[in-house]
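Novice: quick one, structure for this:
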Amino acid sequence: TLVCMVVFSLGLYKILFSSDRSIYLIMLLGLVFGTLFSTLSSFFEVLIDPDEFMVIQGRMFASFDNIAFDVLILAYIINFLSFIWIFRYMKFLDPLNLGKDLAI
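Specialist: Numbers count the residues shown, from 1 in each chain. Below you'll find the predicted structure:
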């Protein structure tokens, strides 16, 4: 599913940002797609059995009871390496370090 999400997001990025599109069009598309997916979700909630919905809802929301520790360790490593990279370039990323003329 991760590969599908990455491919879909890259395709969506290429479609929306390949040419010079207005930010208002992109925001409008975000609102339309958000409303569409919310409505579809509500529609499927009405269609399925309430017991099945409770099972699905329980699996969809984050829980601290069933943490995948291998993914958690990987997330810690990625966050730690990102922190080291950002800390190394902090003097370039800090706008206050530029001086008063360039920061304003």
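Novice: for the rest of this, base every contact and every neighbour count on C-alpha atoms.
Specialist: Will do.
Novice: how's the protein carved up into domains?
Specialist: 23-65, 67-104 (automatic domain parsing).
Novice: now residue 20. Its backbone dihedrals?
Specialist: Note on residue 20: backbone dihedrals following degrees, to the nearest 10 are phi -80, psi 90.
Novice: before we move on, what about residue 48?
Specialist: Per degrees, to the nearest 10, the backbone of residue 48 is at phi -90, psi 170.
Novice: that one and residue 36, how far apart?
Specialist: 19 Å (CA to CA, to the nearest Å).
Novice: longest helix anywhere in the chain?
Specialist: In the chain, with assignment by DSSP state H, the single longest helix is helix 23-47.
Novice: can you count the residues close to residue 47?
Specialist: A count of neighbours around residue 47, defined by other CA atoms under 10 Å, yields 9.
Novice: now do the one 4 residues further on
Specialist: Close neighbours of residue 51, defined as other CA under 10 Å, add up to 9.
Novice: secondary structure element for it?
Specialist: Assigned by DSSP states H and E, residue 51 falls within helix 50-60.
Novice: picking up where we left off before, now do the longest helix of the chain, average pLDDT.
Specialist: Per-residue pLDDT values across helix 23-47 average out to 86.
Novice: could you give the separation of it from the chain centroid?
Specialist: 16 Å (CA atoms, centre = their mean, to the nearest Å).
Novice: same deal with stretch 62-80?
Specialist: 17 Å.
Novice: contacts for the helix holding residue 51?
Specialist: Here helix 50-60 makes contact (CA atoms under 8 Å, 6 or more residues apart in numbering) with residue 45.
Novice: what angle do that helix and helix 23-47 make?
Specialist: Interaxial angle of helix 50-60 relative to helix 23-47 (axes from the mean of the first three to the mean of the last three CA atoms, to 10 degrees): 140 degrees.
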